[in-house]
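Student: build me a model:
(2 chains)
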Protein chains: 2
Amino acid sequence: MCDNKAIQIVDATLRDGGLVNDFYFDDALVKALYETNLRTGVNYMEFGYKASKRMFDPEKNGKWKYCNDEDVRAIVGENRTNLKIAVMADVGRCDFHEDVRSKNESPIDMIRVATYLDTIPGAVEMIEDAAGKGYEVSCNLMAISKAKESELRDALMTLAKTPASVLYVVDSFGALYPDHAKRLVTTFLEVASQYGKKVGMHAHNNMQLAFSNTMLAHELGATWLDGTYDSMGRGAGNCAMELLLGYLEKQGFSQYHMEQALPFIDQYMETLKKHGVVWGYDVQYLLTGLLNQHPRAAIRYTKEGRSDHGLFFNEIKNPTA
Amino acid sequence: MCDNKAIQIVDATLRDGGLVNDFYFDDALVKALYETNLRTGVNYMEFGYKASKRMFDPEKNGKWKYCNDEDVRAIVGENRTNLKIAVMADVGRCDFHEDVRSKNESPIDMIRVATYLDTIPGAVEMIEDAAGKGYEVSCNLMAISKAKESELRDALMTLAKTPASVLYVVDSFGALYPDHAKRLVTTFLEVASQYGKKVGMHAHNNMQLAFSNTMLAHELGATWLDGTYDSMGRGAGNCAMELLLGYLEKQGFSQYHMEQALPFIDQYMETLKKHGVVWGYDVQYLLTGLLNQHPRAAIRYTKEGRSDHGLFFNEIKNPTA
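Tutor: Residues are numbered from 1 along each chain as shown, chains lettered A, B, ... in the order given. The predicted structure follows:
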């Protein structure tokens, strides 16, 4: 189940990290990240979203919110490499009929369709559209820590019959303790394996468990693992790519090279931080994680520079008070 | 094995945190920490070391490096509470014949004897001395990630025959992946359970695994769990007390109250950080952890404000080059 070749590491730095800086990344950074991924042995680089320009004003977001084919191509050219290119498309927030063109016109290899459990029909439509246009497709089930067992099984059975080749556990709220993560991954694997699908893990670090839950998922048989360099991502950030690569190398996955990540982190991630871009674990993210809530209140707390976690915890425990 | 009453949470903030600020804590902080521990339900508060004044200049260290009985008593009075008081004593660095007085003259309840695997005879002598004076005693096996199975078993068999009631896995280098942590805790439990001893876990956060390894140890049957508020501790810091308490409360250990930790963190830990005291996860600690090395090189890197992790990694991989 866990043979070397089956593993697929996805770099989600631009996509989840873009949620922190409204997708304003310099081309130099994006190019350096692409080259870093070539050196570290990462399998997929997620460039950002295919977001609707009608719903999200292009004046207020960097170009990686939209991932126009020509913008991707300006970075990767014909991309004659082993690194594949992915983008994310959210159900209900993507004009996929127009914005996702035929694969043979695009440098993009994979569309990652992101959905909540209550928008599965929309996800199926997008998966079929993308697959029909020639893309690899995954389906990423967000806010999965809220899922009830029965509705999750129903959703997985529906998705298993689509052309999506990977079904992803997405711990949007960073709320999964290991036993919960284990139950979810096991359920995903049960359904996925019947239909020849793979299972992925996308973790958030609200309770400092993003890396350990990703290792756990891998041990159980999930083969698609997301990371971001220096953990860059919404709120508490993601599973740090350097932690993940270091671990996999030690486990004998000799195709990965953690050391090659270090110059990029030093040159680009440190610069973003110095310019005031903020992400990463802090106590407020533990608190929303504990309550199995979206991190938005913790993100606001962070932006406001508050230091009254006790009051904050009361606010989010009693949101109507 | 894991019944509620058996669990003992040890707050090591002053002791491991003291390694970061040379034990210069204001009395107001120490008093507030003591009161916080009373409210959170923590079982033991470790005040610091019983370090030799001949070996460590009292002009260069705060008083919690030495933990004179009268200094502890100035904080806790007669300590008529459920919170017990611990101090650590390192083999070869403690004048225990003079500095550890009879328990009936001291506010201290427990002596935690810290040893490396090659100083077990010295540890046995100190354990017997402390037990003879009336203290509870634990033995904390440092740098355990370096241990060979056979020498570890020999050491544990020797220690199991002493009056120490707890044997601690101490991941000084933050180098334990879950499978390694599991092997060690299991070995400790095998020996300890034969002799009616308990097992403890003291983790470091070099690879963001301090909390998850502590949960893992608890799941396996370790009942003594160390944490520090806001992770304060050497290098990458420790298992964050607030993560541990939040987890245990959710597991039904209703004697713990994470929320009560928040005011202390906001008022005191944040102040320390603002005054330039530095600890916590960063990439350099991952690198020493990966190499199963003492974090001293990473601590130096941090102090020097370097941002050349690639060069640093080469230095520590080839220390003689």
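Student: quick one: what helix or strand has the closest residue to residue A:157 other than its chain neighbours in it?
Tutor: What sits nearest to residue A:157 in space, not counting adjacent residues and going by C-beta to C-beta, 6 or more residues apart in numbering or on different chains, is residue A:191, at 6.2 Å. The way it works is simple: take the backbone N, C-alpha and C, and place the C-beta from them, glycine included. Using DSSP states H and E, residue A:191 sits in helix A:178-194.
Student: after that helix, next one along is what?
Tutor: Following helix A:178-194 in sequence, per DSSP H and E, is strand A:198-202.
Student: which SSE is immediately downstream of that following strand?
Tutor: According to DSSP H and E, the helix or strand after strand A:198-202 is helix A:210-220.
Student: does chain B sit close to that following helix?
Tutor: Yes - Helix A:210-220 lies within reach of chain B by C-beta under 8 Å from any C-beta of the partner chain, at A:210, A:211, A:212, A:215, A:216.
Student: quick one: which of these is nearest chain B?
Tutor: Nearest to chain B among the residues of helix A:210-220 next to chain B, counting by C-beta to the nearest C-beta, is residue A:212 at 3.6 Å.
Student: wait, that closest one sits on residue B:212?
Tutor: Yes - counting by C-beta atoms under 8 Å, residue B:212 is a contact partner of residue A:212 at 3.6 Å.
Student: common neighbours of these two, please.
Tutor: Common contacts of residue A:212 and residue B:212, defined by C-beta atoms under 8 Å, 6 or more residues apart in numbering or on different chains, comprise A:178, B:178.
Student: what's the average pLDDT for the helix holding residue A:191?
Tutor: Averaged across helix A:178-194, the pLDDT comes to 98.
Student: returning to that earlier point: can you pick the most crowded of the residues of helix A:210-220 next to chain B?
Tutor: In terms of neighbours by other C-beta atoms under 10 Å in any protein chain shown, these top out with residue A:210 at 31 neighbours.
Student: so that one versus residue B:138, what's the distance?
Tutor: According to C-beta to C-beta, to the nearest Å, residue A:210 and residue B:138 sit 32 Å apart.
Student: near chain B, which residues of the stretch 151-300 of chain A show up?
Tutor: A:177-178, A:205, A:207-212, A:215-216, A:230, A:240, A:242-243, A:246-247, A:250, A:258-259, A:262-263, A:265-266, A:270, A:281, A:283, A:286, A:290.
Student: where does residue A:306 land on pLDDT?
Tutor: pLDDT, residue A:306: 97.
Student: mind checking the SS state of it?
Tutor: Secondary structure state of residue A:306, per DSSP: H, G, I helix; E, B strand; the rest coil, is coil.
Student: OK, contacts around it?
Tutor: residue A:312.
Student: at 10 Å instead, please
Tutor: By C-beta atoms under 10 Å, 6 or more residues apart in numbering or on different chains, residue A:306 lies in contact with A:284, A:300, A:312, B:266.
Student: any idea how many residues pack against the last one?
Tutor: Neighbour count for residue B:266, taken as other C-beta under 10 Å: 19.
Student: what distance do you get for the closest residue to residue A:308 other than its chain neighbours to residue A:312?
Tutor: Leaving aside its chain neighbours, residue A:308 sits nearest to residue B:266 (6.2 Å; criterion: C-beta to C-beta, 6+ apart). For residue B:266, the distance to residue A:312 equals 10 Å [C-beta to C-beta].
Student: contacts for the helix or strand hosting residue A:129?
Tutor: Per DSSP H and E, residue A:129 falls inside helix A:120-132. The contact list for helix A:120-132 (C-beta under 10 Å, 6+ apart) reads A:50, A:87, A:89-92, A:94, A:96-97, A:100, A:102-103, A:108, A:110-117, A:119, A:135-141, A:151, A:154-156, A:158-159, A:161-165.
Student: buried ones from those, can you make that a ChimeraX selection?
Tutor: Typed into ChimeraX, the line below selects the buried ones among the contacts of helix A:120-132, using 16 or more other C-beta atoms under 10 Å in any protein chain shown:
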select /A:50,87,89,90,91,94,96,100,103,108,110,111,112,113,114,115,116,117,119,135,136,137,138,139,140,141,155,156,159,162,164,165
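Student: out of the contacts of helix A:120-132, which sit inside helices?
Tutor: A:96, A:97, A:151, A:154, A:155, A:156, A:158, A:159 (DSSP state H).
Student: and the residues you listed, which two are furthest apart?
Tutor: Using C-beta to C-beta, those span at most 28.0 Å, a distance reached by A:97 and A:151.
Student: are any of the residues of the stretch 151-300 of chain A next to chain B buried, and which?
Tutor: Applying 16+ other C-beta under 10 Å to those flags A:177-178, A:205, A:207-212, A:215-216, A:230, A:240, A:242-243, A:246-247, A:258-259, A:262-263, A:265-266, A:281, A:283, A:286, A:290 as buried.
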